[in-house]
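Chemist: Kindly return the folded structure for what I paste below:
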Amino acid sequence: MSHVLVTGGSSGIGAALAARLDERGDEVTVLSRSRPAVGRWVACDLSRPQEIAEAALQVGPVDAVVHSAGIWEAAAFTPDYDFAQSPPAEIARIIAVNLTAPILLTQALLPALARGGRIVLIGSTSGLDRNGSPEVAYGASKAGLRGMADALTRALGGRHPVTLVNPGDVATGADGPGLIPVADVVDTIVLALALSPASRISELTIEPMEAS
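Modeler: From the prediction side, this is the model:
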């Protein structure tokens with residue numbers, strides 16, 4: 001049994017992952033603003049550095065960390081999105097939750113992270129050059145996770161394998177055309193967590209199959 005910390009585990013990908021880990025007998029701790037359905041809850045607003053530092057102290061020894069918390073612009077992924085109209089406070093919060101928080105939390109958890117403990121970052125195809133997504137703060141924060149994964153791997157010198165998972169549009173509710181089943185994303189994360197100490201997955205991109 002492993003102890004896995006999941007951020008944003010009260011909804012979306014994080015909630016689905018927490019449920020899967022709980023079902024297979026792992027100990028799960030969830031960092032989120034709202035209470036999760038499963039796991040031990042540590043309340044934390046990831047946009048606030050002081051709360052991140054305090055939450056890290058409550059987590060205790062952990063075998064792996066999955067940074068799945070993520071937010072986006074209010075009108076993201078709709079025709080109504082207009083970068084020129086994005087409030088500065090919204091932009092700052094997106095960067096704080098999606099990029100700054102994983103950096104700060106990873107640093108704070110290093111003393112409690114088991115030897116060889118894995119770090120998984122949930123990015124997005126919005127952070128890849130070829131995607132062309134117009135949501136500036138969201139896309140920039142997810143692209144930043146790619147840089148974080150590369151730099152963190154060098155900074156840690158292989159002591160903690162780092163994996164970046166880039167899903168496309170995920171069906172966190174009902175499945176639909178052009179959407180990736182959330183179970184597929186969870187399967188990918190579980191695979192990254194389950195590898196032997198001899199190997200790691202550096203980056204994976206998950207995209208929906210094109211309709212034939």
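
Chemist: May I have the distance across stretch 159-168, first residue to last?
Modeler: 29 Å (CA to CA, to the nearest Å).

Chemist: what stretches of this structure score poorly on pLDDT?
Modeler: The chain contains residues with pLDDT under 70 at 130-132, 173-177, 210-212.

Chemist: Which elements pack onto the biggest strand by length in the chain?
Modeler: What stands out as the longest strand in the chain, according to DSSP state E, is strand 113-122. Contacts defined by 3 or more CB pairs under 8 Å, 6 or more residues apart in numbering; DSSP states H and E place strand 113-122 against strand 62-67, helix 136-156, strand 162-167, helix 182-194. Heads up, the C-betas are built off the backbone N, CA and C, glycines and all.

Chemist: try 6 Å this time
Modeler: With contacts taken as 3 or more CB pairs under 6 Å, 6 or more residues apart in numbering; DSSP states H and E, strand 113-122 sits against strand 62-67, strand 162-167, helix 182-194.

Chemist: ok, now how distant is Gly178 from Pro208?
Modeler: Separation of Gly178 from Pro208 (CB to CB, to the nearest Å): 5 Å.

Chemist: just Val4 next, same as before
Modeler: Distance of Val4 to Pro208, computed by CB to CB: 27 Å.

Chemist: neighbour count winner among the two?
Modeler: Under the neighbour definition other CB atoms under 10 Å, Val4 and Pro208 were set side by side, and Val4 has more, 27 against 18.

Chemist: tell me the contacts of the most centrally placed residue in the chain?
Modeler: Closest residue to the average C-alpha location of the chain: Ser68 at 2.2 Å, with CA atoms, centre = their mean. For Ser68, the contact set (CB atoms under 6 Å, 6 or more residues apart in numbering) comprises 6-8, 13-14, 122.
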